[in-house]
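Asker: sequence unavailable; structure follows:
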C-alpha cells in the first residue's frame with residue numbers, strides 16, 4: 001500500500017511539473033513588461049512591386065513572380081534541406097506588415113520571420129535565425145535556431161485560418177510586442193522577454209525544409225514603419 005501511495009504521489013507531482021513547464025512559455029505576455037515602440041520615421045513601403053523581386057534576395061530556383069504573386073516552389077528533387085527564405089534587402093524593427101498568403105501544395109507551414117539575422121552557418125545561404133510567425137497550419141511563433149516554440153496558442157488561428165486558400169494577414173511588431181491578425185481576427189499577442197533578441201533585420205518569407213513538392217504564394221506585402229498603435233485589419237472591436 002505504501003508503495004502504491006508513493007507512486008501515486010510521484011505521478012501527481014510529475015503531472016503538475018509537466019503542466020507548469022508547458023504553461024510557462026505562454027505566460028510571457030503576463031510576466032513580460034511592455035516595451036514601447038522605438039522612435040523613427042513613419043512611412044509606407046510597398047515591399048513587392050508586383051512585377052519582380054526587386055528589393056529582395058533569395059535562391060532564384062525557389063522564388064519567382066507570376067501574375068502579381070510571389071511564388072515559393074520546390075520539387076521533390078530540389079527540396080530544401082533546411083528552411084530557406086526570401087529576404088528584404090532593407091532592415092526593420094517596428095512595423096506593420098499587411099499581406100496575403102496561400103499554401104498551394106503540401107501540408108507544411110510557411111511563415112514570416114523578423115527581428116533576427118541571416119544565418120548561413122546553419123546550412124543555407126538564405127536561412128534565418130529569429131522569430132517566425134507561422135501559418136497556415138502550424139500556427140504560433142517559433143524561435144528559429146533558438147528557443148523553438150514560444151508558447152503561442154495555435155487554437156484561435158485554427159478557427160479562422162484557411163488551409164489551402166488565401167489568408168489575409170497583419171503583423172504588427174512594436175517594441176517587444178508582436179500581434180498577428182488572420183482574416184480580420186487577432187489570433188496572437190506576444191511579448192519578447194529578451195530584448196537582446198530584437199534586432200533591426202530583414203523581413204523573411206519562408207519556404208520550409210521538406211522532402212516533398214511544395215508551393216506557397218504571397219501577395220500585397222505593404223509595410224509601414226513605426227506605425228500607429230492600431231490593428232487596421234481587425235473586424236471585431238473587442239479584439240483591438
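Answerer: Perfect, thanks for sending it. Since the model is a prediction, treat every value here as computed from it, not as a measurement.
Asker: buried stuff in whichever helix or strand residue 111 is part of?
Answerer: Applying DSSP states H and E as the criterion places residue 111 in strand 110-118. For strand 110-118, burial by neighbour count (16 or more other C-beta atoms under 10 Å) applies to 110, 111, 112, 113, 114, 115, 116, 117, 118. Backbone N, C-alpha and C define where each C-beta goes, glycine included.
Asker: next helix or strand past that strand?
Answerer: Scanning forward in sequence from strand 110-118 by DSSP H and E, the next helix or strand is strand 128-135.
Asker: which elements pack onto that next one?
Answerer: Contacts defined by 3 or more C-beta pairs under 8 Å, 6 or more residues apart in numbering; DSSP states H and E place strand 128-135 against strand 110-118, strand 140-143, strand 167-174, strand 177-182, strand 204-207.
Asker: so what sits opposite residue 217 in the bridge?
Answerer: Bridge pairing for residue 217 (DSSP bridges) gives the partners residue 71, residue 102.
Asker: also residue 188?
Answerer: residue 180.
Asker: quick one: contacts for it?
Answerer: Residues near residue 188 by C-beta atoms under 8 Å, 6 or more residues apart in numbering: 133, 139, 140, 141, 152, 153, 156, 157, 178, 179, 180.
Asker: you'd agree the last one is up against residue 187?
Answerer: Okay, so that is residue 180. Yes - Residue 180 lies in contact with residue 187 (C-beta atoms under 8 Å); the separation is 5.7 Å.
Asker: what is in contact with the two at once?
Answerer: In contact with both residue 180 and residue 187: residue 157, using C-beta under 8 Å, 6+ apart.
Asker: the residue nearest in space to the middle of the chain: what's its closest spatial neighbour, skipping adjacent residues?
Answerer: For the chain, the residue nearest the mean C-alpha position is residue 133 (1.0 Å; C-alpha atoms, centre = their mean). Distance criterion C-beta to C-beta, 6 or more residues apart in numbering; nearest residue to residue 133, sequence neighbours excluded, is residue 112 at 5.0 Å.
Asker: for the one you found, give me the pLDDT.
Answerer: In this model, residue 112 is scored at 98, pLDDT.
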